[in-house]
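Visitor: Just the structure for this:
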Amino acid sequence: MGSAASAADTLVDVRDVHYAIGGRPIFTGLDLNVRRGRITAIMGPSGTGKTTLLRLITAQISAQRGEVSVFGANLATQGSDAIYALRQRMGMLFQNGALLSDLNVFENVAFPVREHTDLPEVLLRKLVLTKLQAVGLRGAAELMPAELSGGMARRVALARAIVMDPELLIYDEPFVGLDPISLGVIQRLIKQMNQALGITSIVVSHDVKELAAIADDSYLLSGGRVAAAGVPAQLRASDSAAVRQFMTGSEEGPVAFHYPAPDYLAQLLAEA
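Guide: Okay, the predicted model is just below:
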């Protein structure tokens, strides 16, 4: 594949990105790309910058060094109007669903359409019901968020994320807090949405087993960079101790369980 074809195939390109918070490095030369039409998994232990990466991709924050390009546009060179237009081409499924508690299911899904378009009410209703049907919740259109289970709320949030037919769909920890049945439903929907709608998906999670079943490409973040990349099977076969520890869920390895602290016994005796 030539370089022009590779560029056309890349929807998100992160090159040599550096970012720190309060002097603490989060990224120290991060490189990764998200290919068009595929499901890309971003994994890593807590505190490795997974959510920070999503904020960079959606231009909520800017890289302190390096380049983040989305849809071929370098985000650092875009004005606020251009950033707003780019965001309209994205959908986001937030970790907690982030449904508007005072609106029913129908109006939660309709909200982005009402905000960004002047679609006639008849067409808006058909559009919203179509998206709710896609996630199996057309019959729940009149329910309020407080009446939904955790899995149902996540599916309503997914319907809202796809209602504007985004080119890029981002999932932030979509499996957290779900029972096995709801988790399986969300997992299947992510795969189906990607195939049926021809979109590109980024799934940020630490659920190795669930990601392995749906991801086309995977990145494991550690130490401010990509520690391993490839299909999930390649990550499991990695020679890196940090990668093996994460993929197997072992307590033994470079990622310590205890936060750095003074000697335990000395501290107890000093406070006696």
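
Visitor: Under the pLDDT cut-off, which ranges of this protein? List them.
Guide: The model of the chain has pLDDT under 70 over residues 1-7, 232, 237, 239-260, 271-272.

Visitor: Ramachandran angles for the residue nearest to residue 211 when sequence neighbours are not counted?
Guide: Spatially, and ignoring its direct neighbours in sequence, residue 211 is nearest to residue 41 (4.3 Å; CB to CB, 6 or more residues apart in numbering). In short, each C-beta sits where N, CA and C put it, glycine included. The main-chain torsion angles of residue 41 are listed as degrees, to the nearest 10 and equal phi -100, psi 130.

Visitor: Can you give me the neighbour number for residue 41?
Guide: Residue 41 is surrounded by 25 other residues when neighbours are defined as other CB atoms under 10 Å.

Visitor: Can you pull out the residues in contact with stretch 178-186?
Guide: 136, 149-152, 154-155, 158, 174-175, 210 (CB atoms under 8 Å, 6 or more residues apart in numbering).

Visitor: Just the buried ones from those residues?
Guide: Of all the contacts of stretch 178-186 considered here, the ones buried according to neighbour count by 16 or more other CB atoms under 10 Å are 151-152, 154-155, 158, 174-175, 210.

Visitor: Can you name the two of those residues that sit furthest apart?
Guide: By the measure CB to CB, 152 and 210 form the most distant pair in the buried ones among the contacts of stretch 178-186, at 18.6 Å.

Visitor: In helices only, show me the buried ones among the contacts of stretch 178-186.
Guide: When DSSP state H is applied, the buried ones among the contacts of stretch 178-186 are split such that 151-152, 154-155, 158, 210 fall in helices.

Visitor: Check whether residue 139 sits in a helix, strand or coil.
Guide: helix (DSSP: H, G, I helix; E, B strand; the rest coil).

Visitor: Check which residues of stretch 151-170 are buried.
Guide: Buried-residue list, stretch 151-170, by 16+ other CB under 10 Å: 151-164, 166-170.

Visitor: pretty sure residue 222 is in contact with residue 50, am I right?
Guide: No: under the criterion of CB atoms under 8 Å, residue 222 lies out of contact with residue 50, with a separation of 11.0 Å.

Visitor: Between those two, which contacts overlap?
Guide: Residues within reach of residue 222 and of residue 50 at once, by CB under 8 Å, 6+ apart, are residue 44.

Visitor: Strands of the stretch 51-200 of the chain, start to end?
Guide: For the stretch 51-200 of the chain, the strands defined by DSSP state E, counting those that start in this stretch cover 65-70, 73-74, 90-93, 168-172, 200-204.

Visitor: Contacts made by the shortest one with the rest, please.
Guide: Counting contacts by CB under 8 Å, 6+ apart, the residues outside strand 73-74 that touch it are 67-68, 82, 86.

Visitor: let's see it at 7 Å
Guide: Contacts to strand 73-74, defined as CB atoms under 7 Å, 6 or more residues apart in numbering, come from residues 67, 82, 86.

Visitor: likewise the third one?
Guide: In this structure, residues lying in contact with strand 90-93 by CB under 7 Å, 6+ apart are 58, 157-158, 161-162, 164, 166, 168-172, 174.

Visitor: Dump those residues into CSV; add distance to residue 93 as well.
Guide: Rendered in CSV, the data for the contacts of strand 90-93 read as follows (distance: CB to CB, whole Å):
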residue, distance to residue 93
58, 13
157, 5
158, 5
161, 5
162, 9
164, 13
166, 11
168, 12
169, 7
170, 7
171, 5
172, 7
174, 6
